[in-house]
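[1] only geometry, no sequence info:
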């Protein structure tokens, strides 16, 4: 089992920045793909970004050029730097971990999930 705990959410004005972090614990050995997803009320869970064991990164179209995902292998943490936030970024953001992931943007491919952290962007 892998436990994931997100932190760093909050309220920010449009144009501002936030940094989310995800701390992993438990059976973290192995080459997990780490991802961030978000889900707004009444909407499906949306892929935001993912990072592979060797550092390959993937981004959803709506966040490319604004968000940056990174990971600290030693500390077993994954971060999401979010810049130029807009109200459409308002969601609950979830950290996820998966092994043997074929489609990095599919929530069903990830075995472990955090509880989520709320990000609210005001106008």
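    On my side now, so go ahead. Just so you know, these numbers come straight off a predicted model, no measurement behind them.

[2] need the residue closest to the centroid of the chain.
    residue 36 (2.0 Å; Cα atoms, centre = their mean).

[3] excluding chain neighbours, give the residue nearest to that residue in space.
    Counting by Cβ to Cβ, 6 or more residues apart in numbering, residue 48 is the residue found nearest to residue 36 once chain neighbours are left out, at 4.2 Å. All C-beta atoms are positioned from the backbone trio N, CA, C, and that covers glycine.

[4] next, give phi and psi for that neighbour.
    As for residue 48, its main-chain torsions (degrees, to the nearest 10) stand at phi -110, psi -60.

[5] residues contacting it?
    Neighbour list for residue 48: 35-38, 59-60, 63, 67, 80, 93 [criterion: Cβ atoms under 8 Å, 6 or more residues apart in numbering].

[6] let me know the pLDDT of the residue lying closest to residue 35 once chain neighbours are set aside.
    Among residues not flanking residue 35 along the chain, residue 50 sits closest, at 3.8 Å (Cβ to Cβ, 6+ apart). pLDDT recorded at residue 50 is 97.

[7] residue 12 touches residue 121, doesn't it?
    Yes. Residue 12 is within contact range of residue 121, at 5.7 Å (criterion: Cβ atoms under 8 Å).
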